[in-house]
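Enquirer: need a structure here:
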Amino acid sequence: MTGDKLMFDIGKALGLPNVDIVRSADVKFGDFSTNVALKATRNSKPALPAGRQETRNPLEIAKGIADAISKIESVEKAEVAGPGFVNIWMKKSYWQAQLQNVLSTDKKYGSNDWGKGKKARVEFVSANPTGPLHFGNARGGPIGDTIARVLEFSGYKVLREYIDNDRGNQVWELGKTLAVGAGLVQVKEEELTYKGEYTADLAKRVKNEIGNASNKSEDEIIKAFGEAGVKVQFEEIIADCRAMGIDFDLIVHESDLQAKAKSYIDKLDRRGLVKKADGAFWFAPKGEFLGDSNAVIIKSDGNYTYFTADVVYHSEKFESGYDLVVDVFGSNTIGHVPKLKALASVLGFNLENFKVILYQFVRIKRGSDIFNMSKRAGNFVTAAEVLDEVGRDAFRFFILMHDSNTHMDFDLELAREKSNKNPVFYVQYAHARTASILEKQETGNLKQETNYELLKTDYELNLIKQITRLPGLVEDISKSFAVHQLTTYSTELADSFHKFYENCKVISEEEELTAARIGLVKSTQIVLANTLGLLGVSAPEKM
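Expert: Below is the predicted model:
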């Protein structure tokens, strides 16, 4: 019996088509709980003592619900708690029966059909190509890619996308710095925007690519250096993303979007969504200004803005026939969110299906030393440096341990440590331990007739309960995008497995018990591998 089957049985017993059942956070409150009594209406007619259907007292409704739930075969007991909650304890046989489902479902265990037949677009990273991908921007990579993996595991067809910001004043400013570095232009240092050490090497590389510039004007040299510089940096950023385990299905260049800008702006203008003021053109949904200077789409000098590309690109997204659009941006772009939601609204795209995930700033720690992030000043740690030092697995896992809404410190020393203090090592070691056990024992006895009712200890049952959390967790994350919950879950699952291993002898002279425990170990291995797969982290068989 699965959790979905449990909800069906409870809903049937209560005469309710949809019942919300959640895992209890504390075992003393049962295995599951429901607040259906608090939501009950006169029309719901939940099971109540005879003659009491007219009552609206939540406690009495809850008592009737608890009595009905207690009669379900797999339920040990149900009790009323608080103002109307019902806590549910399942029989051991319920949990023991779950293992065969895990084993038969295997690599698909934890998946669901929530998004079956639907398509989703997920944009992430999209870093400015004016320098190396610094670690702060790189945080969006594992977040966006894991969201995409969870959506795919939930039935969606997912498009991973990236926008290359290869136009704008930033390109000119980078070109100026590089042209000065190449000795072809004379500009005072205080007039240079980008001053990092990386610019010296980049200037040499670009100079070699451009070749003889003696026949060009100063402005032409700066333009050429800027365009070549961002192209080089873009290619390196994409290489860094691949090193993180990320491949994009679609890469869009801002220069191409700007080429389409006029037709999109004209369309908005015909609908009365563009206003002219101070010589500039502004995006004005409902004919009103947003009170934000960043809503300018054509500047007074006739040039487009960064937001212009957003208007074009998101118009294409909202009109592309996709069911879900997800943007993963740095928190410094928060000012764009209301404008993009306004654009979605005027284009008729359901705002419930447009999600913007903002991730906060990152600091790199090495012992007590803190490294700040500033691409312009050049005092920053690159994503490539961290990847080289700690590897892809620790890179992704450590980023994903934190809620995207919180600031995070990335501890380089801990990420490199090969001990149980390092959470990714701890989880991977659990998977390697399952592989070691299974290597010693033939697994051909994992048959339907394996007697899993022999798994009675708290260590065994607690491990089964952890294993079976994955399907509900994946479905929740496919809606909440709180991917950090996967790292917490994987650590808790690994902890339950280590405790089981330390207290229960897996291979013994008792053949039936050995077979049951081998099934439990194999189930653990499956779920650890599936969870690590969602995180984009490897599941080693030896460590």
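Enquirer: from here on, contacts and neighbour counts on C-alpha atoms
Expert: OK.
Enquirer: Can you report how many residues neighbour residue 507?
Expert: Neighbour count of residue 507, defined by other C-alpha atoms under 10 Å: 17.
Enquirer: Any chance you could spot the residue sitting in the middle of this structure?
Expert: In the chain, the centroid-proximal residue (C-alpha atoms, centre = their mean) is residue 147; its distance is 3.3 Å.
Enquirer: residue ranges for the helices of the stretch 51-200 of the chain, please.
Expert: 58-70, 92-96, 98-105, 135-138, 140-153, 169-181, 198-210 (DSSP state H, counting those that start in this stretch).
Enquirer: Would you mind pulling up the elements that the fourth one packs against?
Expert: Looking back up the chat, that one is helix 135-138. When contacts are defined as 3 or more C-alpha pairs under 8 Å, 6 or more residues apart in numbering; DSSP states H and E, helix 135-138 packs onto strand 362-366, helix 383-400.
Enquirer: Same question for the longest one.
Expert: Helices and strands touching helix 140-153, as assessed by 3+ C-alpha pairs under 8 Å, 6+ apart, comprise strand 119-123, strand 157-164, strand 324-330, helix 383-400, helix 470-480, helix 511-535.
Enquirer: For that helix, C-alpha coordinates in CSV please.
Expert: Coordinates of each C-alpha in helix 140-153 appear next as CSV, following Å, rounded to 0.1, in the frame of the first residue of the first chain:
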residue,chain,number,x,y,z
GLY,A,140,22.0,29.4,-9.3
GLY,A,141,23.4,26.4,-11.3
PRO,A,142,22.8,23.5,-8.9
ILE,A,143,19.5,25.1,-7.8
GLY,A,144,18.1,25.5,-11.3
ASP,A,145,19.4,22.1,-12.5
THR,A,146,17.9,20.3,-9.5
ILE,A,147,14.6,22.0,-10.0
ALA,A,148,14.7,20.7,-13.6
ARG,A,149,15.6,17.2,-12.4
VAL,A,150,12.7,17.1,-9.9
LEU,A,151,10.3,18.4,-12.5
GLU,A,152,11.4,15.7,-14.9
PHE,A,153,11.0,13.1,-12.1
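Enquirer: which residues sit against that helix?
Expert: Taking contacts as C-alpha atoms under 8 Å, 6 or more residues apart in numbering, the residues outside helix 140-153 that touch it are 108, 110-112, 115, 120, 122-125, 157-158, 160, 241, 244, 246, 328-330, 359, 396, 399-400, 404, 474, 477-478, 481, 483, 534-536.
Enquirer: what about the stretch 101-250 of the chain, any weak spots by pLDDT?
Expert: The model of the stretch 101-250 of the chain has no residue with pLDDT under 70.
Enquirer: got the contact list for residue 488?
Expert: With contact set as C-alpha under 8 Å, 6+ apart, residue 488 has these partners: residue 401.
Enquirer: Remind me which helix or strand it belongs to.
Expert: Using DSSP states H and E, residue 488 sits in helix 484-503.
Enquirer: how much does that helix deviate in direction from helix 140-153?
Expert: Here helix 484-503 runs at an angle of 80 degrees relative to helix 140-153 (axes from the mean of the first three to the mean of the last three C-alpha atoms, to 10 degrees).
Enquirer: Can you give me the buried ones in helix 484-503?
Expert: 484-487, 489-498, 500-501 (16 or more other C-alpha atoms under 10 Å).
Enquirer: What is the most widely separated pair among those?
Expert: Maximum pairwise distance among the buried residues of helix 484-503 (C-alpha to C-alpha): 26.4 Å, between 484 and 501.
Enquirer: number of nearby residues for residue 508?
Expert: 11.
Enquirer: Sorry, wrong one. I was asking about residue 355.
Expert: Residue 355 has 18 nearby residues by other C-alpha under 10 Å.
Enquirer: Report the buried residues of stretch 341-349.
Expert: 341, 342, 343, 344, 349.
Enquirer: tell me which of those is nearest to residue 523?
Expert: residue 349 (41.8 Å).
Enquirer: quick one: that closest one and residue 341, what's the gap?
Expert: Separation of residue 349 from residue 341 (C-alpha to C-alpha, to the nearest Å): 9 Å.
Enquirer: next one: residue 171
Expert: Following C-alpha to C-alpha, the distance that separates residue 171 from residue 341 is 28 Å.
Enquirer: Name all residues that make contact with residue 345.
Expert: Residue 345 touches residue 351, counting by C-alpha under 8 Å, 6+ apart.
Enquirer: Which strand or helix spans it?
Expert: With DSSP H and E as the criterion, residue 345 is inside helix 336-346.
Enquirer: right, and the helix or strand after that helix?
Expert: Assigned by DSSP H and E, the successor of helix 336-346 is strand 354-359.
Enquirer: and that following strand, how far from the chain's centre?
Expert: 10 Å (C-alpha atoms, centre = their mean, to the nearest Å).
Enquirer: In terms of secondary structure, what does that strand contact?
Expert: strand 324-330, helix 336-346.
Enquirer: rewinding a little: turn the helices and strands packed on helix 140-153 into TSV, including distance to residue 286.
Expert: As requested, these are arranged in TSV below (distance: least, C-alpha to C-alpha, whole Å):
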stretch	distance to residue 286
strand 119-123	27
strand 157-164	28
strand 324-330	23
helix 383-400	39
helix 470-480	30
helix 511-535	41
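Enquirer: so which of these gets nearest residue 353?
Expert: With C-alpha to C-alpha as the yardstick, what comes closest out of the helices and strands packed on helix 140-153 is strand 324-330 (4.9 Å).
Enquirer: neighbouring contacts of the closest one?
Expert: Outside strand 324-330, the residues within contact range by C-alpha under 8 Å, 6+ apart are 118-125, 137, 140, 143-144, 317-318, 353-361.
Enquirer: Buried residues in it, which are they?
Expert: Buried residues in strand 324-330 (16+ other C-alpha under 10 Å): 324, 325, 326, 327, 328, 329, 330.
Enquirer: quick one: pLDDT of residue 53?
Expert: Looking at residue 53, its pLDDT is 48.
Enquirer: cool, and residue 65?
Expert: pLDDT, residue 65: 86.
Enquirer: That one touches residue 37, doesn't it?
Expert: Yes: using C-alpha atoms under 8 Å, residue 65 is in contact with residue 37, at 7.2 Å.
Enquirer: quick one: common contacting residues for those two?
Expert: residue 86.
Enquirer: Count the neighbours of the residue nearest to residue 396 when sequence neighbours are not counted for me.
Expert: The shortest distance from residue 396 to any non-neighbouring residue, by C-alpha to C-alpha, 6 or more residues apart in numbering, is to residue 142 (5.6 Å). As a burial measure, residue 142 scores 25 neighbours (other C-alpha under 10 Å).
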